[in-house]
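> Sequence first, predicted coordinates after that:
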Amino acid sequence: MKIKRGDNIIMIAGKDRGKKGTVLKAIPAHTRVVVEGINIVKRHIGSRRSNGRGQIVEKPMPVHVSNVMLVDPKTGTRTRIARTKKDGKTVRVTARSRTTLK
């Protein structure tokens, strides 16, 4: 999987198409990512005490990695990711502007 935690991405499919966000969590076993502010759902939480009240919590749910693309830090547009060798190490670079990623 080429998308990692901390990457800035843009949604290319689904109800949140066009929105940008930061990857909070990558789940390579299921090829999914959790993105800040994207695919938000409401979950009902029961009370923790016998006399307490429940609440409704909004939280981001995972989306498939095929529905997101990396945002090029130089141009701000979406781009693919390539891997190249630099000083004997493999680094990720953007295919559009050849900017090295962290």
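In hand now; what should we look at?
> Kindly check the end-to-end length of stretch 90-102 for me.
Stretch 90-102 has an end-to-end distance of 11 Å (C-alpha to C-alpha, to the nearest Å).
> Provide the contact partners of the top strand by length along the chain at residue level.
Criterion DSSP state E: the longest strand present in the chain is strand 20-27. Defining contact as C-beta atoms under 8 Å, 6 or more residues apart in numbering, one finds that strand 20-27 is touched by 1, 3-11, 33-38, 60, 62, 71. Where you see a C-beta, it was placed from the backbone N, CA and C, and this is true even at glycine.
> Strand partners (parallel or antiparallel) of that strand?
Using DSSP bridges, the strands paired with strand 20-27 are strand 8-11 (antiparallel), strand 32-35 (antiparallel).
> Could you say which of the ones you listed is packed most deeply?
Most buried of the strands paired with strand 20-27, by mean neighbour count (mean count of other C-beta atoms under 10 Å): strand 32-35, with a mean of 23.
> Lovely, talk soon.
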